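Student: Build me a model from this:
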Amino acid sequence: MAHIADDDSRGFAAVERNHIREKYLPDWEWMRYDAPTPHNPPLVPLDRARIGLVDTCGAHVEGQPPVGASGRAAMVPVDAAVAFSHPGYDVTRAERDNDVVHPAHTLLQLAADGVVGSVAPVTVSVMGGVLLGERLLQRGVPATVESMLQQQVDLALLVPA
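Tutor: Numbering: from 1, shown residues only. Down below sits the predicted model:
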């Protein structure tokens, strides 16, 4: 792996784990997998693909309650006014520019410009700060997959926050 000048992320996983253990769950550990997900090249050219947006920023429709750390997924219309609720980051910048963590407007512009074929009408947002990963795997992931399948998405863009 190449060295990145001024990279201050070395050891971040341990720092984050220790923070979570001290503040929330004393025996918390990162979820680990035996092998990476297989590479799946797109089956449709990008300029004809329907793109689905999935993010972990805790976006929800303005005026509706957030999903919190439940592991559930919020189904958010792509053109909806959104609010953010997330314990893991300061949402001030996201509130000023939603596209920082929920790039729905950027995707719509890319579709208007012909870069992508279209954008799925409903985005999916989960809380990235779900400390019990099983909750996300049991609740958020199935709902996300179902939404993407129902909307006939060719490619899902995952934006972590």
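
Student: remind me which residues of this protein are low pLDDT?
Tutor: Under the criterion pLDDT under 70, the flagged ranges of the chain are 1-9.

Student: Nearest spatial neighbour of the most centrally placed residue in it, chain-adjacent residues omitted?
Tutor: By C-alpha atoms, centre = their mean, the chain has its centre lying nearest to D55, at 1.9 Å. Distances taken as C-beta to C-beta, 6 or more residues apart in numbering put V159 closest to D55, at 4.2 Å, once the chain neighbours are dropped. For every residue, glycine as well, the C-beta is placed using N, CA and C.

Student: In this protein, mark out all the helices, start to finish.
Tutor: 12-23, 92-96, 104-112, 133-135, 141-150 (DSSP state H).

Student: As JSON lines, these with distance to A80 would be great.
Tutor: Putting the helices of the chain into JSON lines (distance: least, C-beta to C-beta, whole Å) gives the following:
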{"stretch": "helix 12-23", "distance to A80": "31"}
{"stretch": "helix 92-96", "distance to A80": "14"}
{"stretch": "helix 104-112", "distance to A80": "8"}
{"stretch": "helix 133-135", "distance to A80": "24"}
{"stretch": "helix 141-150", "distance to A80": "14"}
